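**Q** The following comprises the amino acid sequence and a computationally predicted model.
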Amino acid sequence: MAIEHVRHWRIGDVEIARLVEVYGWEDDIAMLLPNADAEFVKQFGWLRPHFATPDGRMIISFQAFVLRSRGKVVMIDTCIGADRQREFEVFCNLQTTFLEDMEAAGFPPKEVSAVLCTHLHFDHVGWNTRLVDGKWVPTFPQARYFFGRREWEHWKHLRETNGYHHMEHLGDSIDPVVEAGLVELIEPDFRITDEVSLIPTPGHTPGHVSVLIRSRGEEAVITGDMMHHPIQLAVPHIPGNFDMDKEQGVRTRLEFIKRFSGQPTLVIGSHFPEPTAGWIVPDGDVWKLVTEWDRDADKA
């Protein structure tokens, strides 16, 4: 286990761990935001050093989360997965310590009782399955897999109509759990436990959800891909390249930011690199993310 692959939080009685497959990937911001460049990134000094390089490249990670609530062990997304063929080389034929990291983090895979996918993009469903003797089988056969009904219908439609999106992951990460009878289709108001519920955050995909954790007066939210990078707090009005409905994505981000800005809610970014979580605070006319590390530095 690489130490940077695992991070823990406790929200009231709920334990949460982060598990990383691709750590601290650097790329041009134009991948995420249209017409943006390194100079654009550099104007937001608070992004450095956690979320941007000195030369203005964004830093992101590809990761999943697992939590324990009311005796249930729940996966929130399942990352990329091993042995896959994907559209981009960086995600192909991965061999990582993901399952070992789960064990080391205190969440043995055999204890997982539920898998909740915020949406059905390839990097959020990969460890739904694993390759055994040349066959894709459910990684968590003892669990129920929860997919949003609207999200599921959208991807079914894309496949049936030869939609524009790369869909290799449906065959190796979605179909096997459906065929095993493990999938339950849910609505956006679904509650996993009385401490863990969903927030509809459409735009990135039609049925996208974020995950709200509330316990003993404490609160956190796992974003999913409602936003990919903290820079989107500073420019929430700029449509993201990866949002299927770009106008809805903008509305959703603004609603999310206004709801949680200035609140004690810990925002855990599904693609935010180390330290991955922080609090949304006003920054002039827009917003920024303040992490625990930032607060510790201010106290020093």
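**A** Structure received.

**Q** What's the separation between the residue nearest the centre of the chain and K246?
**A** With distances taken as Cα atoms, centre = their mean, the residue of the chain nearest its centroid is S270 (2.9 Å). Per Cβ to Cβ, to the nearest Å, S270 is found 19 Å from K246. (C-beta placed from N, C-alpha, C; glycine too.)

**Q** surely H237 meets I257?
**A** No: with contacts counted by Cβ atoms under 8 Å, H237 stays clear of I257, the gap being 10.5 Å.

**Q** ok, the two, which is more surrounded?
**A** Neighbours per residue, other Cβ atoms under 10 Å: of H237 and I257, the larger number sits with I257, 19 against 11.

**Q** quick one: the helices in the stretch 101-250 of the chain?
**A** Taking DSSP state H, counting those that start in this stretch to define them, one finds helices in the stretch 101-250 of the chain at 149-160, 168-169, 175-179, 231-234, 246-260.

**Q** just these: most buried one?
**A** Most buried of these by mean neighbour count (mean count of other Cβ atoms under 10 Å) is helix 231-234; its value is a mean of 24.

**Q** If you drop the residues flanking it in sequence, what lies closest to I59?
**A** Nearest non-adjacent residue to I59, counting by Cβ to Cβ, 6 or more residues apart in numbering: P273, 4.7 Å away.

**Q** and if you look at M226?
**A** Using Cβ to Cβ, 6+ apart, the closest residue to M226 is T201 (4.1 Å).

**Q** count of residues packed around that neighbour?
**A** 27.

**Q** The one 4 residues further on now?
**A** By other Cβ under 10 Å, 26 other residues sit near T205.

**Q** Contacts only, for the closest residue to it other than its chain neighbours.
**A** Among residues not flanking T205 along the chain, H119 sits closest, at 4.4 Å (Cβ to Cβ, 6+ apart). Counting by Cβ atoms under 8 Å, 6 or more residues apart in numbering, H119 makes contact with G148, E151, H204, T205, G207, H208, V209, G224, D225.

**Q** Contacts only, for V183.
**A** R144, Y145, F146, F147, W152, V177.

**Q** Repeat the analysis, applying 6 Å as the threshold.
**A** Y145, F147, V177 (Cβ atoms under 6 Å, 6 or more residues apart in numbering).

**Q** can you pull the contacts of the residue nearest to I59?
**A** G24, I59, S61.

**Q** how about a cut-off of 10 Å?
**A** 4, 20, 23-26, 50-52, 58-63, 229-230 (Cβ atoms under 10 Å, 6 or more residues apart in numbering).

**Q** Could you turn the buried ones of these into a ChimeraX selection?
**A** Here is the ChimeraX selection string for the buried members of the contacts of P273, based on 16 or more other Cβ atoms under 10 Å:
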select :20,23,50,51,52,58,59,60,61,62,63,229,230
